[in-house]
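In: Make a model of this:
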Amino acid sequence: MFDAAADFTTGEVVEYRRVMFPPLLGDSMHVPFFSIEDAPGWMTARGYALYQELNPAERLDPLQGHRYASLRQLRAYREQVVGEAYVHHPFFQVDLADDWVAPAPFNTWMQVTQELEELHPWFVCRRQPSSISHHLGASDQCSLAAVIALVLVSHFVPLSHLLSYPIHTLAPATALDLVSHLAPLPHLLPLPLTSISHQDHYVDKLGKGNGKGKPVEEDLDPRIKVTRELYVDRLIPVTTAPKTWTVPHDEAAYKLDVRANTNVLKNKKGNKMRTIDAYIKAEDQDAWDGSTGHAGPKGDVWVYAFTGERVRARRAQVRCKGICVCEFRWNHELDANEREAASPEAILSRFYTRVISSKCKTECDGVPFMILLNNGPNQYGKLYFIGCSKWHPEKRWLHRYHSIPPNVDEEIFRYVLENKGRVPDGTVLNLNVQCVLSTHPRLGLKHCGDHVLDGVIHPAKLLQRRCDTELIILIPVLPPDDPTSTNYYEWLPEYAFQAILILRNGHNHPAHPHIKPSAEDERLLLPPSASQFSAFKTLAF
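Out: The predicted model follows:
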């Protein structure tokens, strides 16, 4: 028990709880609930010393976060800040560290540990592999908690005085006793903090009035809190999902709110509502793949950017699939794709690639073959069509079939087909050695047929060029029915029509023309229902 906590004012206890722990532990509906009355039970002397070590103006190091900590470090930190009456509560399991570890104090705790080991290597004690216990005995093997206690004591005691102790023989309990005696002194008041995020900066000013100076809190960081670890400079409001999302040049996020037109969430038949991220993906012309997050009340993360209150949301995290480019080298002249279709050689090459890549609709080991038309030349003057060497009139629809384009010479194509792609030219022909073709992944094209190397048509593979652009969509999830659940919050109807979108890293490819209809376009393409058709007839006649 931290009995000295009984001498603190209620304001000091509330401030300590807000800085050292996430907000949910101050929620009376949460289990456990850190009440002011029970402060001696959940506060600790070592935690209070750590609280006074915090520097509110110091930017936190993301690599010192709890997700980069070892199991041993998380256990030691838990012993440091959670009172004996609660330390074994299931809520404080290491698996739930996201819910009970506050970034600022943990970052400070990690930093003082690292500084101690860097400045005084002889301070690094031999540690037992077992977890740290409250009942630390005098031993020549210091625990991590004792080491941290010594560092925190140095905040109140000159380091030279502290180092006068024979450290290698100092028992852990002795170090903890030093903190226990020093921490609760009345003049050691907590530093004013209004946020535990590494993105916040605060300064103290001396208040004026009645001749008494009081610290005044001033927020110098106008950033908007999205999650506990993510802040942005601004939120960009949008009411409809665009065809393509622009990656902001600054630290910004999109807030999509479709309450003005909730019909956009209807599926193409108009008989069912889609989730807002399904609507976003249906409208988006870029190709993405990735995770849709965890559905259900559990969700993935607490989000604060919807109304200012925390909202449980799932995190859909996807990555751009980029574009498909020809294997004959990436070229920046992507806007010149159309010029590849100009020459007769390119037309011949593409048709040959299409023919040899095609397959029969039945199991067949035949090869492409030129077959004479029964009724003479067709409307383009062609005498042949491309079929299969095992083609038979009775099963003609089960085998490959290609009509020869008007701008392809039949005799030249016969030569190419019989000579495995070699063109009938006395010189060595090289066509499009450096390709400029790029396609959208959604098209599903596999080959580029515009290449002639050393006089031989060479079908090239289309390779996927990955893109580093990442899209994170935060979608509110319905809270559980149990108000005592750790994931419970007050649901507002507007949450069903909102989402926060964060884009990272710019695209490394140009935007392609739109290749799919939007959800609204799909609804317009549907045939009219019976009632709509009846109404139309009434108006028409």
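
In: Could I get the full set of helices for the chain?
Out: 10-20, 39-42, 45-53, 71-81, 97-100, 103-119, 144-153, 159-162, 172-182, 276-283, 344-357, 410-418, 519-525, 530-540 (DSSP state H).

In: Check Ile236 and give its pLDDT.
Out: Looking at Ile236, its pLDDT is 92.

In: hang on, it packs against Leu256?
Out: No: assessed by Cβ atoms under 8 Å, Ile236 is found out of contact with Leu256, at 9.5 Å. All C-beta atoms are positioned from the backbone trio N, CA, C, and that covers glycine.

In: more neighbours, the two?
Out: Leu256 (22 against 13; other Cβ atoms under 10 Å).

In: Below-threshold pLDDT in the stretch 151-300 of the chain: ranges please.
Out: Applying pLDDT under 70 to the stretch 151-300 of the chain flags the ranges 151-222.

In: Same question for the stretch 301-450 of the chain.
Out: Applying pLDDT under 70 to the stretch 301-450 of the chain flags residues 327-343, 425-438, 440, 442-444, 449-450.

In: Please enumerate the strands of it.
Out: Assignment of strands within the stretch 301-450 of the chain using DSSP state E, counting those that start in this stretch yields the ranges 301-303, 311-320, 323-326, 368-372, 384-388, 402-403, 438-439, 447-448.

In: Out of those, which gets nearest to Val477?
Out: Ranking the strands of the stretch 301-450 of the chain by proximity to Val477 (Cβ to Cβ) places strand 311-320 first, at 5.4 Å.

In: Name every strand pairing with that closest one and say which way it goes.
Out: strand 288-291 (antiparallel), strand 301-303 (antiparallel), strand 470-476 (antiparallel) (DSSP bridges).

In: For Val101, which of those is the nearest?
Out: Smallest distance to Val101 across the strands paired with strand 311-320 (Cβ to Cβ): 13.4 Å, for strand 301-303.

In: Report how many residues lie close to the nearest residue to Cys324 once chain neighbours are set aside.
Out: In this structure, Cys324 finds its nearest non-sequential neighbour in Leu462, 4.3 Å apart by Cβ to Cβ, 6 or more residues apart in numbering. Here the number of neighbours of Leu462 (other Cβ under 10 Å) works out to 21.

In: ok, now how distant is Leu462 from Cys326?
Out: Leu462 sits 6 Å away from Cys326, going by Cβ to Cβ, to the nearest Å.

In: Then Asn375?
Out: In this view, Asn375 and Cys326 are 39 Å apart by Cβ to Cβ.

In: can you check Pro480 too?
Out: In terms of Cβ to Cβ, Pro480 sits 52 Å off from Cys326.

In: ok, those two, which is more surrounded?
Out: Cys326 (24 against 16).

In: Could you report the distance from the more buried one to Ile356?
Out: On the measure of Cβ to Cβ, Cys326 and Ile356 end up 17 Å apart.

In: and if you look at Lys225?
Out: 59 Å.

In: same check, this time on Pro441
Out: 24 Å.

In: same deal with Thr469?
Out: Plainly put, Thr469 is 36 Å away from Ile356 if you go by Cβ to Cβ.

In: Kindly report the same for Leu235.
Out: For Leu235 relative to Ile356 (Cβ to Cβ), the value is 54 Å.

In: Those two - which one has more neighbours?
Out: Neighbour count, other Cβ under 10 Å: between Leu235 and Ile356, Ile356 has more, with 19 against 15.

In: Find the residue closest to that one in space, skipping its chain neighbours.
Out: Pro368 (6.1 Å).

In: domains of the protein?
Out: As recorded under automatic domain parsing, the domains making up the chain are 3-182, 231-321+468-515, 324-465.

In: unless I'm mixing things up, Leu478 is touching Tyr489, no?
Out: No: with contact defined as Cβ under 8 Å, Leu478 does not reach Tyr489; the gap is 10.0 Å.

In: Name the residue in the two with the higher neighbour count.
Out: Under the criterion of other Cβ under 10 Å, the comparison of Leu478 against Tyr489 puts Tyr489 first, with 20 against 13.

In: OK, contacts around that one?
Out: Glu309, Arg310, Val311, Arg312, Pro479 (Cβ atoms under 8 Å, 6 or more residues apart in numbering).

In: Looking at the residues you listed, spot the one nearest Gly506.
Out: For these, the nearest to Gly506 is Val311 (29.0 Å; Cβ to Cβ).

In: Report how many residues lie close to the closest one.
Out: When neighbours are counted by other Cβ under 10 Å, Val311 comes out with 25.

In: Check Glu53 too.
Out: 19.

In: Let the chain start at 707 from now.
Out: Right, with 707 as the first residue, what we last looked at is Glu759.

In: Now do it against Val725, distance only.
Out: Distance from Glu759 to Val725, by Cβ to Cβ: 12 Å.

In: likewise Trp748?
Out: From Trp748 to Val725 the distance is 14 Å (Cβ to Cβ).

In: between these two, which one's more packed in?
Out: Remark: of Trp748 and Val725, Trp748 carries more neighbours, 27 against 20, as counted by other Cβ under 10 Å.

In: Now do the same contact list for that one.
Out: With Cβ under 8 Å, 6+ apart, Trp748 has these contacts: Pro738, Phe740, Val788, Gly789, Ala791, Tyr792.

In: Write the ChimeraX selection for whichever of the residues you listed are buried.
Out: Of the contacts of Trp748, the buried ones go into a single ChimeraX selection, burial set by 16 or more other Cβ atoms under 10 Å:
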select :738,740,788,789,792
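
In: what's Leu1054 in contact with, if anything?
Out: Counting by Cβ under 8 Å, 6+ apart, the residues that Leu1054 touches are Val1114, Asp1115, Ile1118, Phe1119, Val1122, Val1129, Ile1163.

In: cool, His1105 as well?
Out: His1105 neighbours (Cβ under 8 Å, 6+ apart): Cys1066, Lys1067, Thr1068, Cys1070, Gly1072, Gly1093, Cys1094, Lys1096, Trp1097, His1098.

In: Please check those and keep the buried ones.
Out: So, by 16+ other Cβ under 10 Å, the buried ones in the contacts of His1105 are Cys1066, Cys1070, Gly1093, Cys1094, Trp1097.

In: measure the second one to Asp992 for me?
Out: Cys1070 sits 39 Å away from Asp992, taking Cβ to Cβ as the criterion.

In: cool, the last one as well?
Out: Computed as Cβ to Cβ, the Trp1097 to Asp992 distance reads 42 Å.

In: that older thread, and which of the contacts of His1105 is nearest to Pro1050?
Out: So of these, ranked by how close each gets to Pro1050 (Cβ to Cβ), first place is Gly1093, at 23.6 Å.
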